[in-house]
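**Q** Model the following, please.
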Amino acid sequence: MTKAGGKATAYKQVRSKTSDDNSKRSLDPGSLLSILEWLSGDECHLLDEAGMIAAFGRRLRQIGLPLDRLTLHLMTLHPEIMGRTYAWAPGEPVEVHDREHGMQTTFAATALRRAIDFRETLVVSGNDETLPWLHIDVFEGRGLSQIVIAPLCNADGPVSAVSFASRESDGFTVSEMGMIERLLPALRNTCEIRVMRQAELSLLDTYIGPMTARRILAGRIRQGEVETMEAALLLCDLRGFTELSNRLPEGKVLAILNEYFDLAVPAITRRGGEVLKFMGDAVLAFFPHADVNEASEKALSATMEIMDQLTRVVGDGAGLEAAIALHYGKVSYGNVGSGRRLDFTVIGPDVNMLSRIQAVCGSLGISVLMSSTFKERTSCRIVDSVGFHHMKGFKEPVQLFAVKTTFT
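**A** Numbering: from 1, shown residues only. Next up, the predicted model:
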């Protein structure tokens with residue numbers, strides 16, 4: 001048997017007996033060809049991963065393969081999960097399990113881990129003690145007697161795997177093993193496209209946000225290609241961070257910073273906001289929405305959650321504090337940069353105004369300040385005017401409002 005995506009090698013049977021072709025079971029070569037064509041065809045391409053594995057499993061059963069559990073273990077590049085398992089069984093809904101990075105120990109010293117790490121196809125019996133697998137959640141308690149685990153090796157990137165398991169006492173026959181072998185390259189190619197697509201999306205979402213990711217994937221990647229939109233703007237800056245970073249070890253500073261971002265970012269994204277930049281200890285976000293009032297309400301709601309959550313966080317023995325500026329206006333959103341090094345960002349006078357409002361937060365010692373244009377687009381009435389302020393670069397003074405909260 002060949003490694004899926006690797007060099008040709010004989011498959012390794014680990015304490016397993018495979019019956020010969022004298023078995024009454026037989027497979028139709030023409031049916032096998034139809035599955036190969038399906039794997040590379042449009043119907044399979046249009047299915048999501050759960051739909052694909054279910055349709056694949058049903059087809060294998062229809063041509064006579066004694067398949068009682070089929071699983072895909074698709075690895076990806078994601079900051080929180082190392083991969084995702086899709087598990088199918090006849091007559092059952094597909095199970096989907098996200099595998100977090102901290103779960104490697106669950107799969108250590110298992111047949112699945114070995115197949116992935118050594119890029120070799122294994123045939124393992126259920127009573128094998130050197131390479132166990134029946135304790136893994138998608139196999140446990142199903143009375144499975146044998147498993148075939150094959151790596152799915154991409155051209156580059158993480159190695160995924162597929163497994164075929166049976167309850168038959170004698171496992172798969174030699175001819176059935178051969179059929180599985182013939183299917184692996186086509187399955188690998190199908191899964192590689194899906195893995196790379198998911199990695200592409202997760203990396204773009206992680207580093208630039210989902211809204212920007214969609215624009216990039218839609219082809220809006222030329223320098224100077226921008227669009228003008230109205231949005232609620234939020235700039236959140238952690239107070240006293242310079243003093244903390246000068247006083248504490250780097251590891252402690254990063255831990256505090258990540259804890260702060262872990263509460264600020266979800267508060268923004270849950271309400272449809274998009275984080276554009278991490279600028280040291282500051283978060284720049286915008287809330288685009290067809291309803292201008294709704295956009296500002298969401299930005300204000302995110303602000304209140306951030307300030308509330310900060311009161312529960314203690315950094316180096318002291319509570320963390322932030323200053324948040326809120327504004328509503330027009331922004332130019334798109335590509336800026338030079339040549340092949342571009343950045344998606346928002347620019348314009350209203351972005352500059354947001355920065356100036358945040359500076360006033362610091363000078364007045366006020367936690368939350370909003371412009372009059374923002375205030376007019378919310379139902380918030382618990383605000384106090386802090387007067388008119390001259391902003392650098394702007395001719396007319398701007399009236400600002402502080403939210404009446406305990407966060408001061």
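
**Q** Okay, helices next: where are they in the stretch 101-250 of the chain?
**A** Assigned helices in the stretch 101-250 of the chain, in chain order: 104-107, 111-118, 174-208, 210-217, 241-247, 250-269 (criterion: DSSP state H, counting those that start in this stretch).

**Q** Mean neighbour count, the ones you listed: which tops it?
**A** When the helices of the stretch 101-250 of the chain are scored by mean count of other Cβ atoms under 10 Å, the highest mean neighbour count falls to helix 111-118 (a mean of 21). Placement of C-beta: from N, CA and C, glycine included.

**Q** quick one, domains of this protein?
**A** The record's domain parsing of the chain by automatic domain parsing lists 12-207, 222-403.

**Q** Same list (these) but as JSON lines, adding distance to residue 215 and mean pLDDT.
**A** Output for the domains of the chain, formatted as JSON lines (distance: least, Cβ to Cβ, whole Å; pLDDT from 0 to 100):
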{"stretch": "domain 12-207", "distance to residue 215": "10", "mean pLDDT": "85"}
{"stretch": "domain 222-403", "distance to residue 215": "7", "mean pLDDT": "86"}
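
**Q** Out of those, which is closest to residue 213?
**A** domain 12-207 (3.6 Å; Cβ to Cβ).

**Q** Who does the closest residue to residue 97 other than its chain neighbours form a beta bridge with?
**A** Leaving out its chain neighbours, the residue that sits closest to residue 97 by Cβ to Cβ, 6 or more residues apart in numbering is residue 85, at 4.4 Å. On the basis of DSSP bridges, residue 85 is bridged to residue 73, residue 97.

**Q** got a list of what residue 85 touches?
**A** 71-74, 95-97, 99, 138 (Cβ atoms under 8 Å, 6 or more residues apart in numbering).

**Q** try residue 333
**A** Listed by Cβ under 8 Å, 6+ apart, the contact set of residue 333 reads 226-229, 286, 344-346.

**Q** for residue 272, same thing?
**A** The contact partners of residue 272, by Cβ under 8 Å, 6+ apart, come to 287-289, 298.

**Q** Let me have these in JSON lines, extended by secondary structure, neighbour count and distance to residue 174.
**A** Putting the contacts of residue 272 into JSON lines (DSSP: H, G, I helix; E, B strand; the rest coil; neighbours: other Cβ atoms under 10 Å; distance: Cβ to Cβ, whole Å) gives the following:
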{"residue": "287", "secondary structure": "strand", "neighbour count": "24", "distance to residue 174": "62"}
{"residue": "288", "secondary structure": "strand", "neighbour count": "16", "distance to residue 174": "60"}
{"residue": "289", "secondary structure": "coil", "neighbour count": "20", "distance to residue 174": "62"}
{"residue": "298", "secondary structure": "helix", "neighbour count": "21", "distance to residue 174": "62"}
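
**Q** In a markdown table: the residues you listed, plus distance to residue 365.
**A** As requested, the contacts of residue 272 are exported to a markdown table (distance: Cβ to Cβ, whole Å):
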| residue | distance to residue 365 |
| --- | --- |
| 287 | 26 |
| 288 | 31 |
| 289 | 31 |
| 298 | 27 |
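
**Q** Farthest-apart pair in these, please.
**A** Among the contacts of residue 272, the pair separated by the greatest distance (Cβ to Cβ) is 288 and 298, at 10.2 Å.

**Q** Give me the distance between the residue nearest to residue 97 and residue 212.
**A** Distance of residue 85 to residue 212, computed by Cβ to Cβ, to the nearest Å: 30 Å.

**Q** Could you look up the SS state of residue 55?
**A** Three-state call for residue 55 (DSSP: H, G, I helix; E, B strand; the rest coil): helix.

**Q** for stretch 388-397, the distance to its chain's centre please.
**A** The chain centroid and the centroid of stretch 388-397 are separated by 42 Å, computed with Cα atoms, centre = their mean, to the nearest Å.

**Q** Need the CA coordinates for that stretch. CSV is fine.
**A** C-alpha atoms of stretch 388-397 as CSV (Å, rounded to 0.1, in the frame of the first residue of the first chain):
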residue,chain,number,x,y,z
PHE,A,388,-15.9,71.7,23.9
HIS,A,389,-12.3,70.7,23.1
HIS,A,390,-9.9,71.9,20.5
MET,A,391,-8.5,68.9,18.6
LYS,A,392,-5.1,69.0,16.9
GLY,A,393,-5.6,69.3,13.1
PHE,A,394,-9.3,70.4,13.4
LYS,A,395,-10.5,74.0,13.2
GLU,A,396,-13.7,73.8,15.2
PRO,A,397,-13.9,72.7,18.8
